[in-house]
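*Asks:* Provided below for reference: sequence and predicted model.
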Amino acid sequence: MPSRYGYQPCREFNVVVLGAGGVGKSCLTAQFVHNEWIESYDPTIEDSYRTQISVDGRQVMLEILDTAGTEQFVAMRDLYMKTGQGFLLVFSINSGPSLDELKTLREEIIRIKDDENIPIVIVGNKADLEDSRTVDRAKAFAFSQRWRAPYYEASARTRTNVDEVFVDLCRQMLRRDDMNDTRDDEYYQKPEDPSSSKRRRRKKRKDREHRCTIL
């Protein structure tokens with residue numbers, strides 16, 4: 001929530017990158033944080049990154065958890081989803097099953113967070129492999145419309161839409177945070193002094209008695 005003096009503290013958010021194994025989650029995250037392309041990676045490794053960015057003039061510190069898509073780490077997903085405040089759901093445009101898996105991931109997120117409006121961005125990665133596309137763009141877009149979540153096609157290799165997906169997610173989290181701050185301010189607003197209220201009512205009655213109406 002903007003300060004009355006224009007100062008806005010740096011907000012901190014936990015972002016979780018989820019998706020099937022091999023869709024390019026690590027490559028996408030490394031491009032965003034380090035501006036580098038990872039040619040090969042170990043699909044069993046999970047890693048976390050911390051980076052600060054500016055979003056619409058506001059400073060945001062992101063703690064990004066890059067999750068492994070292998071089966072042995074599925075048991076850890078509940079913990080990730082409990083701590084996450086925003087989620088990138090990543091699939092590969094040349095893997096139909098990877099898009100289908102996002103449905104299960106989203107359902108788990110909503111179940112754990114008990115919130116259907118949690119900040120989410122859908123990412124169709126490997127957009128540079130258009131020749132081997134198996135996921136129709138319209139199908140992926142239909143998923144995002146149904147889930148009311150933004151959809152981007154990105155390429156970690158060419159850095160296409162890499163910044164955009166994280167910035168969009170940040171905007172969602174900032175809006176949510178601002179709304180929560182506003183509700184907190186309204187809840188904790190100091191109750192009105194009863195004597196002040198009585199004085200205002202007496203003044204209104206006096207004003208009405210002296211009001212002149214021209215017909």
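*Replies:* Received it, and whenever you're ready, just let me know what you need. Residues are numbered from 1 along each chain as shown.
*Asks:* so where do the helices sit in the chain?
*Replies:* With DSSP state H as the criterion, the chain has helices at 25-34, 77-83, 96-113, 137-147, 162-187, 194-210.
*Asks:* For D78, see how far away V162 is.
*Replies:* Note on V162: its distance to D78, by CB to CB, to the nearest Å, is 28 Å. The C-beta positions use only the backbone N, C-alpha and C, and glycine is treated the same way.
*Asks:* tell me the most buried of the helices of the chain?
*Replies:* helix 25-34 (a mean of 22; mean count of other CB atoms under 10 Å).
*Asks:* which residues touch that one?
*Replies:* Applying CB atoms under 8 Å, 6 or more residues apart in numbering, the set of residues contacting helix 25-34 from outside is 17-19, 36-38, 41, 45, 47, 49, 51, 64, 66-67, 69, 88, 90, 123, 125, 154, 156-157, 159, 162-163, 165-166.
*Asks:* and that helix, how far out from the chain's middle?
*Replies:* 17 Å (CA atoms, centre = their mean, to the nearest Å).
*Asks:* ditto for stretch 174-183
*Replies:* Mean C-alpha position of stretch 174-183 versus that of the full chain (CA atoms, centre = their mean) differs by 13 Å.
*Asks:* I'd like the mean pLDDT over it, please.
*Replies:* On average, the pLDDT along stretch 174-183 is 84.
*Asks:* Next: stretch 82-96.
*Replies:* Model confidence over stretch 82-96, given as mean pLDDT, is 96.
*Asks:* Buried residues, it. List them.
*Replies:* Buried residues in stretch 82-96, defined by neighbour count with 16 or more other CB atoms under 10 Å: 84-95.
*Asks:* ok, which pair from those residues is furthest apart?
*Replies:* Distances among the buried residues of stretch 82-96 were taken as CB to CB; the most separated pair is Q85 and N94, at 30.2 Å.
*Asks:* hmm, who's touching stretch 124-135?
*Replies:* Applying CB under 8 Å, 6+ apart, the set of residues contacting stretch 124-135 is 19, 23-25, 27-28, 90-96, 99, 137, 140, 151-158, 160-161.
*Asks:* Against V17, how distant is D114?
*Replies:* Separation of D114 from V17 (CB to CB) stands at 22 Å.
*Asks:* higher neighbour count, these two?
*Replies:* Using other CB atoms under 10 Å, the more surrounded residue of D114 and V17 is V17, with 28 against 7.
*Asks:* Quick check: the more buried one touching G84?
*Replies:* No. Using CB atoms under 8 Å as the test, V17 is too far from G84 to be in contact (9.5 Å).
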